[in-house]
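Novice: Fold the following and give me the result.
(chains A and B)
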Amino acid sequence: MFPSLLHHRTPLFAAFGIALGAMLSSCGSAGTTAATASLPNAPSEFESGLLADGHVDFAEYTQAYDAAVSCMKASGLDVDGPHLDSGGRFYNYSVSYDVAVNLPEDQVAAQDTEVDKIMVNCDQEFLDHIEVQWTADSQPTSAQVESAKDEFERCLRQAEVTGLVDSPTLDELYAAGEQNSQAFDCTTMFQSKTAVGQP
Amino acid sequence: MILKTRCSNARTAAIKSVVVLVAILSTLLATLAPAGASSQGCTLAPGRIGSYQCTTVNGNGRYTRSVGSTHAVTGSNICNYQAVWRLQVNGRNYYSSIRTGVAHRCVLWRAYHVHWIGRDLANKSYVWGWMRDDQTGGHFVGGAKVKIKLHWWD
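Specialist: Below you'll find the predicted structure:
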């Protein structure tokens, strides 16, 4: 829909590598404390138990995610999830609730705030520190990022996108990923595999 | 009187024929129409050059597979991102508010969120989408709106 905003390929991937490298260097050597230091709250008792050895594996991340979603459901929210993304690295969920069309905006905002508060409380109790640590512990290497980019391109071609040039830029890959549903799954797969921790 | 009746009958028959013809044409047009539920709307996100937010509806005809949000910030990483949508099904006096969880991680240049719908939605239904991340100061930005259209004239 939007025209490609960037056009020069080599500098772009160089910038991508530099930015990723900066994030990797700032997070890769960081221990548990540094990885979760960006969060405003201290780990909960539940989270501290999972963080006791300084690392989070996928089973622990799954356990934390299930606990957070169960907490929201127990609080009365209609939660869709957890769903594992197409990269197989991160879960996601969403919460739905009905709002009357003619409800005044301040009451809509109050309802949003109430739902948000439950979500934040459950996240803080069970998930925030675990997800941040899991992201740091499963951080991709530069070689894995390059491999994921190649896989992204192959996936898009299998999804029969049109107009994808040889050696496409990241922007061109993202743009192609919006052509159809299958291509969109390729994009979410790439994002899952290349996501990094807080800089 | 008889003539008038015959004339009236002929007129009625002609009207019926036109109605049937219109119905057939409408059915054909509806059948031949492109995927109604697949569409995208974008809006510039305020305050950041080269930043925009898009709302995407994926599907075919009235069947809506999913709604999605894209938040693009050129040349920058996007951290702790979250999406919300308002889904207004045509003919209902309420809308569904949908909120994703916060993704506690960083991605480069574009952040995506998807919510599975997996059902038919009425023609002329609307989806609005917003996203926020660390750089939006806690505010949801965007508000791109997409209308589900089965025909070009909807």
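
Novice: Output the below-cut-off pLDDT ranges for chain A.
Specialist: A:1-34, A:36-37 (pLDDT under 70).

Novice: need the strands for it, in chain order.
Specialist: Counting by DSSP state E, one finds strands in chain A at the ranges A:78-84, A:91-100.

Novice: Hmm, B:Ser97 is touching B:Ala83, no?
Specialist: No. Judged on CB atoms under 8 Å, B:Ser97 makes no contact with B:Ala83 at a distance of 11.7 Å. Every residue, glycine included, has its C-beta placed from N, CA and C.

Novice: Between those two, which has more neighbouring residues?
Specialist: B:Ala83 (30 against 19; other CB atoms under 10 Å in any protein chain shown).

Novice: With respect to chain B, which of the strands of chain A lies nearest?
Specialist: Using CB to the nearest CB as the measure, strand A:91-100 is the one of these that comes nearest chain B, at 4.7 Å.

Novice: check whether that closest one contacts chain B.
Specialist: Yes. Under the criterion of CB under 8 Å from any CB of the partner chain, chain B is reached by strand A:91-100 at A:92-100.

Novice: mind saving the C-alpha coords of that strand as CSV?
Specialist: Coordinates of each C-alpha in strand A:91-100 appear next as CSV, following Å, rounded to 0.1, in the frame of the first residue of the first chain:
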residue,chain,number,x,y,z
TYR,A,91,3.6,-16.7,22.1
ASN,A,92,0.9,-14.1,21.7
TYR,A,93,-2.6,-13.5,22.9
SER,A,94,-5.4,-11.0,22.6
VAL,A,95,-8.2,-9.8,24.7
SER,A,96,-11.7,-8.9,23.4
TYR,A,97,-14.6,-7.1,25.0
ASP,A,98,-17.7,-5.4,23.7
VAL,A,99,-18.3,-1.7,23.9
ALA,A,100,-21.6,0.0,23.1
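
Novice: tilt between that strand and strand A:78-84?
Specialist: Per axes from the mean of the first three to the mean of the last three CA atoms, to 10 degrees, the angle that strand A:91-100 makes with strand A:78-84 is 160 degrees.

Novice: can you pull the contacts of B:Gly101?
Specialist: A:68, A:81, A:92-95, A:119, A:123, A:127, B:82 (CB atoms under 8 Å, 6 or more residues apart in numbering or on different chains).

Novice: what about 7 Å?
Specialist: A:92-93, A:119, A:123 (CB atoms under 7 Å, 6 or more residues apart in numbering or on different chains).

Novice: just to revisit the earlier point, of the residues of strand A:91-100 next to chain B, keep whichever come out buried.
Specialist: Restricting the residues of strand A:91-100 next to chain B to buried positions leaves A:92-97, A:99, with burial counted as 16 or more other CB atoms under 10 Å in any protein chain shown.

Novice: And A:Asn149, how far from chain B?
Specialist: For the record, residue A:149 is Lys, not Asn. 11 Å (CB to the nearest CB, to the nearest Å).

Novice: Count the neighbours of that residue for me.
Specialist: Neighbour count of A:Lys149, defined by other CB under 10 Å: 18.

Novice: Likewise for A:Asp80?
Specialist: Count around A:Asp80 with other CB under 10 Å applied: 17.

Novice: Now do the contacts for the closest residue to it other than its chain neighbours.
Specialist: In space, and not counting its chain neighbours, A:Asp80 is closest to A:Ser94: 5.1 Å by CB to CB, 6 or more residues apart in numbering or on different chains. Going by CB under 7 Å, 6+ apart, A:Ser94 touches A:80-81, B:98-100, B:115.

Novice: how far does stretch A:164-177 stretch from start to finish?
Specialist: 10 Å (CA to CA, to the nearest Å).

Novice: Now do the buried residues in that stretch.
Specialist: Going by 16+ other CB under 10 Å, stretch A:164-177 has these buried residues: A:164, A:168-177.

Novice: and those residues near chain B, which?
Specialist: Among the buried residues of stretch A:164-177, proximity to chain B is found for A:170, A:174 (CB under 7 Å from any CB of the partner chain).

Novice: Now the residue located most distally from the centre of chain A: phi and psi?
Specialist: Distance from the centre of chain A peaks at A:Asn102, with 34.2 Å (CA atoms, centre = their mean). Main-chain dihedrals, A:Asn102, degrees, to the nearest 10: phi -90, psi 10.

Novice: Can you name the residues in contact with stretch A:172-189?
Specialist: Contacts to stretch A:172-189, defined as CB under 7 Å, 6+ apart, come from residues A:4, A:85-87, A:152-153, A:155-156, A:159, A:161-162, A:164-165, B:40, B:56, B:58, B:65, B:68, B:109-110, B:112, B:114.
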